[in-house]
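S.K.: Provided below are the primary sequence and the corresponding predicted coordinates.
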Amino acid sequence: MALGLARSGSAVGPTLAYWLGNPILNPATMIFMGFVLGWRWVGLRLLVGLLLVFGVAYFANRFIRADELPAKALQAAGTSSTRDDGSIPLRWLRGLWELSIGLIPEYLVIVLLLGASRAWLFPAVTPHASGLLWTIGLAIAGALFVIPTAGEIPIVQTLMAFGLGAGPAAALLTTLPPVSLPSLIMMGKSIPTRVLVFVAVSVLTLGLLSAGVAVGLGF
């Protein structure tokens, strides 16, 4: 959906707001998190999500010219995106097919590569899994991996049961949902690279800040 918005010429701000807000501010996920991890974690997640959607998405608009995104979107979509022949269902199916043949193979390859490297990116958690290095490492790993909606909650719950500290858990809970390496690469077809770098750095920064808040408030 976010890629479709970008390819149709939508501005960067609304596109990023939808892309980032969909996973991190999902109401069902918030309720699930409240019952599983506690409602203070929901408050932290809500704060980070609002900063991402309304802060990062807004400032990302400052990195591009007004006419840059539509030109890049048309180039990524190809000449087929300009066809308006046929009924709406047929055009929808054509667009779905063109996105699928271009994105699904790339998505599967990247996910398989990340899965093969998970043993190094997610080392065994011990009762001493806390501190700055763990926080930074899990924040980076969280920004790379792709997970299903709300999948970060059982992951964090399990790791905390094995001894993961509140700081690294907060960083992982913040960076896992909004972005991943596959999504960044796929969005790079229609959004300028410097905007995506800004988004990724912002997610990592907010992950580290949320870790500090979790530790400071004694989560």
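M.R.: Noted; the coordinates are in hand. This is a predicted model, so every value here is computed, not measured.
S.K.: the bottom helix or strand of this protein by mean pLDDT?
M.R.: Within the chain, confidence by mean pLDDT, DSSP states H and E is lowest for helix 68-77 among all helices and strands, at a mean of 51.
S.K.: skipping adjacent residues, who's closest to G142 in space?
M.R.: Distances taken as CB to CB, 6 or more residues apart in numbering put T175 closest to G142, at 3.3 Å, once the chain neighbours are dropped. Just so you know, the C-beta spots here come from the backbone N, C-alpha and C atoms, and that holds for glycine as well.
S.K.: what's the neighbour count on that neighbour?
M.R.: T175 has 30 neighbours, counted by other CB atoms under 10 Å.
S.K.: residues contacting it?
M.R.: By CB atoms under 8 Å, 6 or more residues apart in numbering, the contact list for T175 reads 138-140, 142-143, 203-204, 207.
S.K.: weed out the non-buried ones from the residues you listed.
M.R.: Neighbour-count burial (16 or more other CB atoms under 10 Å) applied to the contacts of T175 gives 138-139, 142-143, 203-204, 207.
S.K.: quick check, nearest of those to A60?
M.R.: Nearest to A60 out of the buried ones among the contacts of T175 is V203 (CB to CB; 11.9 Å).
S.K.: how about that closest one, secondary structure?
M.R.: Secondary structure of V203, reduced to three states by DSSP: H, G, I helix; E, B strand; the rest coil: helix.
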